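Student: Pasting the sequence and the predicted coordinates here, then a few questions.
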Amino acid sequence: MPTSMPSPSIRIPVELLTQSSFSQFGTVIENPAHSNAPLSQRLPPPAAVSANQGTAIKFIDVTHMLNIYSLAPSKKPARAVMNMFVCAPRDLRPHEPSSSMPSSWGDIDLDDDDDDDGNSDRELFDVPVLERHPFTTQTFVPMGLSQSDRHTQYLVIVAPTLPASASRRHTDRPPPYPTPEIRKERSIKDIFARARPSPFTNEAAPPPSQFSRLNPSQRPKGPGLPDLKNMRAFVATGNQAVTYGAGTWHAPMAVIGDRPIDFVVVQFANGVSIEDCQEIILKPDPKADEGMVVMVDSDSSGKVLVKAGVGSVKAKL
């Protein structure tokens, strides 16, 4: 039975999916020449070389697959797996006034009378569950979706991780992702080690963590619950794939539009269910109208409008 946690009532606007805005959570994989990010927000493109007898450009190391199952309690090794998810469009409910708080990422006016001069339509997507894969990255690659497709897109919904101490207060039980206990050595060497980090060398500082050289999005997130007050939602086009960093809380893929999207999903797995994937059920207050909600604004053609963050200014994607 998945762990549950109380959910506040918050309405979240949609942001443009760019590597800069998503860097806390993982990697956006796209051809730099087709990026929708404003020039001022674009990161340096990955290294590129000529390939296939000069008929192709090879972008090198566009995302980093991470396997940290060595930290899993079972110590069972993982293998690379590739699955396919055929994701049907989600049902959205009509927009209606609410006493929900605006997201801290919004910077927009949530006045119900503000409807972009009647040229846009707002619907609501309820987020009832989040999941994460604590010991592996997970990459979603859409298939058969055009960059210019206005009628079908997908949402990428993510949340930071709370400290473990705060997580325990939320549920009155340990966080859902167990971490291996560090066995304390009681040897003479260990006793002397407390006096100086490296008693048998001239080093004055302990060696750096094996994860210190990794980008923050790639480092283990810890066993804490999701930080719902800082949940964010991004809209992706057909030329964008996304890698969730190991342990990143995210909603199951949410397709918006007229037809399903096929995703090829690449990750590591060891077959231990609690280590491969854990879920958290979001339970709003019984007296509240709603819990965590993403506001999906679209134009007359069905294209999702960006309402927050980079390139918003109520501009079309």
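Tutor: Here it is on my side, so go on.
Student: those helices in the stretch 101-250 of the chain, which residues are they?
Tutor: Ranges of helices in the stretch 101-250 of the chain, per DSSP state H, counting those that start in this stretch, are 164-171, 188-193.
Student: Of those helices, which shows the lowest average pLDDT?
Tutor: Lowest mean pLDDT of the helices of the stretch 101-250 of the chain: helix 188-193, a mean of 60.
Student: Run through the residues that contact E96.
Tutor: Contacts for E96 (CB atoms under 8 Å, 6 or more residues apart in numbering) come out as L124. Placement of C-beta: from N, CA and C, glycine included.
Student: Check V129 too.
Tutor: Applying CB under 8 Å, 6+ apart, the residues near V129 are 2, 251-252, 279-282.
Student: How much space separates it from N36?
Tutor: Using CB to CB, to the nearest Å, one obtains 28 Å as the distance from V129 to N36.
Student: For the protein, which residues score under the pLDDT cut-off?
Tutor: 1, 40, 104-119, 168-218, 310-317 (pLDDT under 70).
Student: What residues sit buried inside stretch 148-160?
Tutor: Within stretch 148-160, the residues that count as buried by 16 or more other CB atoms under 10 Å are 149-150, 152-160.
Student: Okay, and which of those map to strands?
Tutor: When DSSP state E is applied, these are split such that 152-159 fall in strands.
Student: of those residues, closest to D258?
Tutor: Nearest to D258 among these is T152, at 5.5 Å by CB to CB.
Student: hang on, isn't that closest one packed against R259?
Tutor: Yes: between T152 and R259 there is a contact under CB atoms under 8 Å: 5.3 Å.
Student: D299: neighbour count?
Tutor: By the criterion of other CB atoms under 10 Å, D299 has 15 neighbours.
Student: again, but for S7
Tutor: 22.
Student: What of P46?
Tutor: When neighbours are counted by other CB under 10 Å, P46 registers 13.
Student: so who does it touch?
Tutor: P46 makes contact with 32, 59-62 under the criterion CB under 8 Å, 6+ apart.
Student: cool, K76 as well?
Tutor: 69, 270-272, 275.
Student: Which pair in these has the greatest spatial separation?
Tutor: Greatest spatial distance among the contacts of K76 (CB to CB): Y69 and G271, at 10.5 Å.
Student: the more surrounded of those two?
Tutor: A side-by-side neighbour count of Y69 and G271, using other CB under 10 Å, places Y69 first with 22 against 12.
Student: which one is the more buried one nearest to, not counting chain neighbours?
Tutor: A78 (4.1 Å; CB to CB, 6 or more residues apart in numbering).
Student: Phi, psi for the one you found please.
Tutor: Main-chain dihedrals, A78, degrees, to the nearest 10: phi -110, psi 160.
Student: give the contact list for it.
Tutor: If you count contacts by CB under 8 Å, 6+ apart, A78 has them with 67, 69, 135-136, 268-270.
Student: And I256, by the same measure?
Tutor: Each residue near I256 by CB under 8 Å, 6+ apart is listed here: 89-90, 92, 125, 152-155, 235, 296, 304.
Student: Okay, and it sits in which element?
Tutor: Per DSSP states H and E, I256 falls inside strand 254-257.
Student: coming back round to it: now the contacts of V129 in CSV, with secondary structure?
Tutor: Compiled in CSV, the contacts of V129 are given as follows (DSSP: H, G, I helix; E, B strand; the rest coil):
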residue, secondary structure
P2, coil
A251, coil
P252, coil
E279, strand
I280, strand
I281, strand
L282, strand
